[in-house]
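Participant: missing the sequence, but the structure's below:
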């Protein structure tokens, strides 16, 4: 795994505004596993989408502009 590549991928998926619901593909290499599920303007919307995806068995995170 390329740690720098994984960090770059994470930085690229952090939104400049609003919220990104981000999934992890367990079949990809760790530095390629993150993918964007949805971008929303509000945390409530992001949480709703994240809950639906979690109920479907998808591991998700919510990123905002403050995500490091």
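Facilitator: Received the coordinates, thanks. Here the structure is a predicted model, which is why all the values come from computation and not from measurement.

Participant: Spatially central, which residue of this structure would that be?
Facilitator: Closest to where the C-alpha atoms of the chain average out (C-alpha atoms, centre = their mean) is residue 22, at 1.8 Å.

Participant: which residues does residue 9 contact?
Facilitator: Shown in contact with residue 9 (C-beta atoms under 8 Å, 6 or more residues apart in numbering): 31-32, 34. For the C-beta atoms, the positions are set from N, CA and C on the backbone; glycine is no exception.

Participant: Would you verify that it is located in a helix?
Facilitator: Yes: according to DSSP: H, G, I helix; E, B strand; the rest coil, residue 9 belongs to a helix.

Participant: Start at 40, not 1
Facilitator: All right, first residue 40 from here; so that's residue 48.

Participant: Please work out how many residues are found near the residue nearest to residue 103 when sequence neighbours are not counted.
Facilitator: Spatial nearest neighbour of residue 103, chain neighbours left out: residue 58 (5.3 Å); criterion: C-beta to C-beta, 6 or more residues apart in numbering. A count of neighbours around residue 58, defined by other C-beta atoms under 10 Å, yields 23.

Participant: Report the rounded mean pLDDT for stretch 77-87.
Facilitator: Stretch 77-87 comes out with an average pLDDT of 98.

Participant: Buried by neighbour count: which residues of it qualify?
Facilitator: Within stretch 77-87, the residues that count as buried by 16 or more other C-beta atoms under 10 Å are 77-79, 85.
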